[in-house]
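*Asks:* The amino acid sequence is not available; the structure is as follows:
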């Protein structure tokens, strides 16, 4: 059974080159970084004994810089603006005092981050005093209110787009927990009231305001003095605010380079139950493959993306064909032509509806029936009123009777049977861990199931089976090395991390490539623990006996199996062919991309590396192994 690793994770109607697969503009985020630039932010502080002294202003800028670098990869459609308040100079849409928007040429104030923006922002601290300047924008005796002005400017920047199509946020960095502390009497009350009202007006427009407080080692940021009212913190949220913001601040500094796919509806499905009764379901993809971005061809002069266009010319006259080409099929010496619409209709096996066939006990569903990641389905009342009510009744009955629903999913690309498994809601510590709904598992065809007994059997037809002692030793070993609370999100792809690190170094013209941590390497310290070593030795002894050097691929007659011979021949040939290339020179000169996939696999096979994936993934894997 040969499975395409890319196709395994693909939805029926999803094509990686299709706009449905790419992150859509409707999921983008509009974000304004508001950085307090008052003189207090430039006082040096030490967050830990082993860290050097640094200013809160430097901490804020480093967090934003790292966030911008990862945001280009995480969410390429996001748009950001960087705004300083409590500044001497002013530069903003409203031309008001104390607010300076940092930007670069050929870019709007609120726009997608660019390499030029990041490069110049990394140097802003060095020339900040000279070009922008710092001052207290809220002082007694004046009516100037720089915080009010900053929120006003940020709200004006976020007028772009609709709250229904984009998430709008203001992220505020400051170490001043009481911005109106130096003002007394009615003036303080009035300025506090107007600032809180400005924040409320922004929130009413769908703009969320978050604050990342920067505390002193001997003085904790007291959010209750002012900012709790500004962002609406009460009760338990107020108690949990500071620990969560410290964690968020650390996450901004240590973000992984990874592509983020936000939760979205993959497809709307009509679920036909019985006697003309149908409900509407929304399907969600629970997991996506993390792949390097597609190659984009750029114009050598303007550096703008190129758009490929194709035209058809008549072979007889050379004239440009304006009508779309038609395909034909020869039949009885006559060419029968078909339009694109007619071909599409012919290829359509069935509609994309889900038809209920019946129910079966959950015991009938085996682990090996799940060939690909499941799709999560949830009811929707947008078009079919009452879908949620019917879905809940069906969901509760399936849970009570321990049944799964067998259905026919009529996708246009590959119609097949699916199993709908009800999932109950899981709540822990007052929060929802798993939502209620159903998982749609695509069931295999008969030829998709490989019978291991037929492949791995002795020459006499007998099938090798583990003894009870071997099973017991294997279970003891697995128990020793079992991960607690394992999740695939705990580990990042080292090849992708290296790929994005190289891209970052090239885009920002950095001399050194950022170091990447390979989290998939074995935990040597953990594997060397006495109990693990003991369990491993006992398992080896139970399988191989005293002579543990005997290869596992030997069969009962002492001769290597045909599979073993073939594998060894491929490995020997790969080593021989690999020696014909100067891999160091090819990697340094960037000519690996000129090799074919077969030639690249010679290196991977010779060094016992995985050979799956597209050409870009193979090159990245080779470079990672070579440490380049």
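*Replies:* Nice, I can see it. On a predicted model such as this, the values are computed, not experimentally measured, just so you know. Numbering: from 1, shown residues only.

*Asks:* How much space separates residue 68 from residue 118?
*Replies:* Counting by Cβ to Cβ, to the nearest Å, the separation of residue 68 from residue 118 is 5 Å. For the C-beta atoms, the positions are set from N, CA and C on the backbone; glycine is no exception.

*Asks:* Show the subsequent helix or strand relative to the worst-scoring helix or strand of the chain on mean pLDDT.
*Replies:* Lowest on mean pLDDT, DSSP states H and E among the helices and strands of the chain sits helix 5-8, with a mean of 43. Remark: after helix 5-8, the chain's next helix or strand is strand 29-36, criterion DSSP states H and E.

*Asks:* tell me what that following strand is packed against?
*Replies:* Here strand 29-36 touches helix 56-74, strand 79-85, helix 146-157, strand 167-174, going by 3 or more Cβ pairs under 8 Å, 6 or more residues apart in numbering; DSSP states H and E.

*Asks:* Just the buried positions in the longest one, please.
*Replies:* Neighbour-count burial for helix 56-74, with 16 or more other Cβ atoms under 10 Å as criterion, is recorded at 56-57, 59-61, 63-74.

*Asks:* For residue 92, list the residues it contacts.
*Replies:* Taking Cβ atoms under 8 Å, 6 or more residues apart in numbering as the criterion, residue 92 is in contact with 83, 99, 100, 101, 153, 156.

*Asks:* export those to a markdown table and tack on distance to residue 281 and neighbour count?
*Replies:* Below are these laid out as a markdown table (distance: Cβ to Cβ, whole Å; neighbours: other Cβ atoms under 10 Å):
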| residue | distance to residue 281 | neighbour count |
| --- | --- | --- |
| 83 | 43 | 26 |
| 99 | 48 | 29 |
| 100 | 50 | 24 |
| 101 | 45 | 18 |
| 153 | 44 | 27 |
| 156 | 41 | 17 |
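
*Asks:* just the residues you listed now: which is nearest residue 145?
*Replies:* residue 99 (10.8 Å; Cβ to Cβ).

*Asks:* would you turn the helices and strands packed on strand 29-36 into JSON lines with mean pLDDT and distance to residue 505?
*Replies:* Listed next are the helices and strands packed on strand 29-36 as JSON lines, based on pLDDT from 0 to 100; distance: least, Cβ to Cβ, whole Å:
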{"stretch": "helix 56-74", "mean pLDDT": "85", "distance to residue 505": "11"}
{"stretch": "strand 79-85", "mean pLDDT": "94", "distance to residue 505": "21"}
{"stretch": "helix 146-157", "mean pLDDT": "93", "distance to residue 505": "31"}
{"stretch": "strand 167-174", "mean pLDDT": "90", "distance to residue 505": "27"}
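
*Asks:* would JSON lines of those with distance to residue 492 be doable?
*Replies:* Putting the helices and strands packed on strand 29-36 into JSON lines (distance: least, Cβ to Cβ, whole Å) gives the following:
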{"stretch": "helix 56-74", "distance to residue 492": "12"}
{"stretch": "strand 79-85", "distance to residue 492": "23"}
{"stretch": "helix 146-157", "distance to residue 492": "33"}
{"stretch": "strand 167-174", "distance to residue 492": "24"}
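
*Asks:* what about the stretch 101-250 of the chain, any weak spots by pLDDT?
*Replies:* Scanning the stretch 101-250 of the chain for pLDDT under 70 picks out 141, 163-164, 235-250.

*Asks:* Going along the chain, name the helices of it.
*Replies:* 115-121, 124-131, 146-157, 185-204, 227-231, 235-253 (DSSP state H, counting those that start in this stretch).

*Asks:* Deepest-packed of those, please.
*Replies:* Neighbour counts (mean count of other Cβ atoms under 10 Å) averaged over each of the helices of the stretch 101-250 of the chain peak at helix 146-157, with a mean of 25.

*Asks:* what angle separates that one from strand 29-36?
*Replies:* Per axes from the mean of the first three to the mean of the last three Cα atoms, to 10 degrees, the angle that helix 146-157 makes with strand 29-36 is 160 degrees.

*Asks:* Which residue is the nearest non-sequential neighbour of residue 470?
*Replies:* Distance criterion Cβ to Cβ, 6 or more residues apart in numbering; nearest residue to residue 470, sequence neighbours excluded, is residue 542 at 4.8 Å.

*Asks:* Tell me who's in contact with the one you found.
*Replies:* Contacts here follow Cβ under 8 Å, 6+ apart; on that basis residue 542 touches 467, 469, 470, 473.

*Asks:* Please settle this for me: is it part of a helix?
*Replies:* Yes - applying DSSP: H, G, I helix; E, B strand; the rest coil, one finds residue 542 inside a helix.

*Asks:* Relative to residue 289, how far out is it?
*Replies:* Counting by Cβ to Cβ, the gap from residue 542 to residue 289 is 37 Å.

*Asks:* Repeat that for residue 366.
*Replies:* For residue 366, the distance to residue 289 (Cβ to Cβ) stands at 25 Å.

*Asks:* Neighbour count for those two, which is higher?
*Replies:* Shown here are residue 366 and residue 289; by other Cβ atoms under 10 Å, residue 289 has more neighbours (15 against 8).

*Asks:* Helix, strand, or coil at that one?
*Replies:* Three-state call for residue 289 (three-state DSSP): coil.

*Asks:* for residue 373, same thing?
*Replies:* Applying three-state DSSP: residue 373 is coil.

*Asks:* Tally up the residues packed near the closest residue to it other than its chain neighbours, please.
*Replies:* Distances taken as Cβ to Cβ, 6+ apart put residue 287 closest to residue 373, at 4.7 Å, once the chain neighbours are dropped. Look at residue 287: counted by other Cβ under 10 Å, it has 12 neighbours.

*Asks:* Likewise for residue 272?
*Replies:* Using other Cβ under 10 Å, residue 272 has 18 other residues around it.

*Asks:* Please apply the same query to residue 323.
*Replies:* Residue 323 has 6 nearby residues by other Cβ under 10 Å.

*Asks:* Distance check, it against residue 310.
*Replies:* Counting by Cβ to Cβ, the gap from residue 323 to residue 310 is 14 Å.

*Asks:* Could you do residue 437 as well?
*Replies:* Distance of residue 437 to residue 310, given as Cβ to Cβ: 43 Å.

*Asks:* that older thread, tell me the buried residues within the contacts of residue 542.
*Replies:* residue 473.

*Asks:* quick one: which of the contacts of residue 542 is nearest to residue 192?
*Replies:* Residue 192 has its nearest neighbour among those in residue 473, at 69.9 Å by Cβ to Cβ.

*Asks:* Contacts only, for the closest one.
*Replies:* Neighbouring residues of residue 473 by Cβ under 8 Å, 6+ apart: 535, 538, 539, 541, 542, 543.

*Asks:* Please report phi then psi for it.
*Replies:* Backbone torsions for residue 473, taken as degrees, to the nearest 10, come to phi -70, psi -40.

*Asks:* Begin at 10, not 1, for the rest of this chat.
*Replies:* From this message on, residue numbering opens at 10, which makes the last subject residue 482.

*Asks:* State the pLDDT value of it.
*Replies:* Note on residue 482: pLDDT of 91.

*Asks:* Kindly report the same for residue 461.
*Replies:* 64.

*Asks:* Check the burial of the nearest residue to residue 81 once chain neighbours are set aside by counting its neighbours.
*Replies:* With sequence-adjacent residues excluded and distances taken as Cβ to Cβ, 6+ apart, residue 81 is closest to residue 122, at 5.5 Å. Here the count is done by other Cβ under 10 Å, and residue 122 has 22 residues near it.

*Asks:* who's in contact with residue 110?
*Replies:* 90, 91, 92, 93, 100, 101, 102, 118, 162, 166.

*Asks:* distance of it from residue 626?
*Replies:* Relative to residue 626, and taking Cβ to Cβ, residue 110 is found at 40 Å.

*Asks:* Now do the same contact list for the residue lying closest to residue 130 once chain neighbours are set aside.
*Replies:* Leaving aside its sequence neighbours, residue 130 sits nearest to residue 74 (Cβ to Cβ, 6+ apart; 6.1 Å). Shown in contact with residue 74 (Cβ under 8 Å, 6+ apart): 127, 130, 131.

*Asks:* Let me see the domain layout of the protein.
*Replies:* Annotated domains of the chain cover 37-269, 276-299+357-457, 477-567, 571-635 [automatic domain parsing].
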